[in-house]
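[1] can't give you the sequence, but here's the structure:
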């Protein structure tokens, strides 16, 4: 029986450290490196595996950027709708990605912006309006924008559908068999575990030796 074929797309997630490390990883200890998880998405009758690399907020490891960012098919910029600073820093994260990844067509490279934590305090703590966020996205070439709650799962699947769609625009697709993705760098879990929820860790519990899809 032939193996099922998938399209592999590399996605980078960037954002301020307060976005992921303090709210979505209370039970986990952060370590060195980038988080790596996979998310399967069905789009236009095809199966895509998003290879998600999360270096969000790990400013201490920006020297690792080139290795992690190169070859990305899409970059997801995240901010906290309850933090104006995290929103203001979107410019810095976007510029950082373009410098580190050095895409062949930076003007048209696909980004997606997520305004997260819309669930906090029933929305009463919000300081960044949807109008303001959409205006910023429009000024950067009409970047797709989603308001999400990783905690409640609001708009998460819709965002991943858009991420897959935009990642397809950036270059050649890489086909892969059903397999176990083998890596060897320290892992720390964050909100991505809550977003995906369908990965299985294999090997040493302190290090990510493999993720079984």
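    Sure thing, it's come through. These numbers come from a predicted model, not from an experiment. Residues are numbered from 1 along each chain as shown.

[2] can you pull the pLDDT of residue 67?
    At residue 67, the model reports a pLDDT of 73.

[3] Are we agreed that it is in a strand?
    No. Using DSSP: H, G, I helix; E, B strand; the rest coil, the assignment for residue 67 is helix, not a strand.

[4] From residue 77, how far out is it?
    With distances taken as Cβ to Cβ, to the nearest Å, residue 67 is found 20 Å from residue 77. For glycine as for every other residue, the C-beta is placed from the backbone atoms N, C-alpha and C.

[5] who's more crowded, those two?
    For residue 67 and residue 77, the more surrounded residue by other Cβ atoms under 10 Å is residue 77, and the numbers stand at 26 against 10.

[6] so the more buried one makes contact with residue 113?
    Yes. Counting by Cβ atoms under 8 Å, residue 77 does reach residue 113; the two are 4.9 Å apart.

[7] Report the buried residues of stretch 92-102.
    93, 94, 96, 97, 98, 100, 101 (16 or more other Cβ atoms under 10 Å).

[8] Can you pull the residues that touch both of residue 77 and residue 113?
    Common contact partners of residue 77 and residue 113 (Cβ atoms under 8 Å, 6 or more residues apart in numbering): 90, 143.

[9] ok, and what's touching the helix or strand hosting residue 79?
    Using DSSP states H and E, residue 79 falls within strand 74-80. Defining contact as Cβ under 8 Å, 6+ apart, one finds that strand 74-80 is touched by 9-16, 18-20, 56, 86-87, 89-90, 93-94, 97, 101, 109-117, 128, 133, 143, 159, 163, 166-167, 170.

[10] partners of that strand, with directions?
    As defined by DSSP bridges, the strand partners of strand 74-80 come to strand 6-15 (parallel), strand 111-116 (parallel).

[11] What is the very next helix or strand once past the last one packed up against?
    Past strand 111-116, heading to the C-terminal end, the next element that is a helix or strand (DSSP H and E) is helix 130-139. In terms of contacts (3 or more Cβ pairs under 8 Å, 6 or more residues apart in numbering; DSSP states H and E), helix 130-139 is packed against helix 84-88, strand 111-116, strand 145-147.

[12] Let's see that with 7 Å instead.
    With contacts taken as 3 or more Cβ pairs under 7 Å, 6 or more residues apart in numbering; DSSP states H and E, helix 130-139 sits against strand 111-116, strand 145-147.
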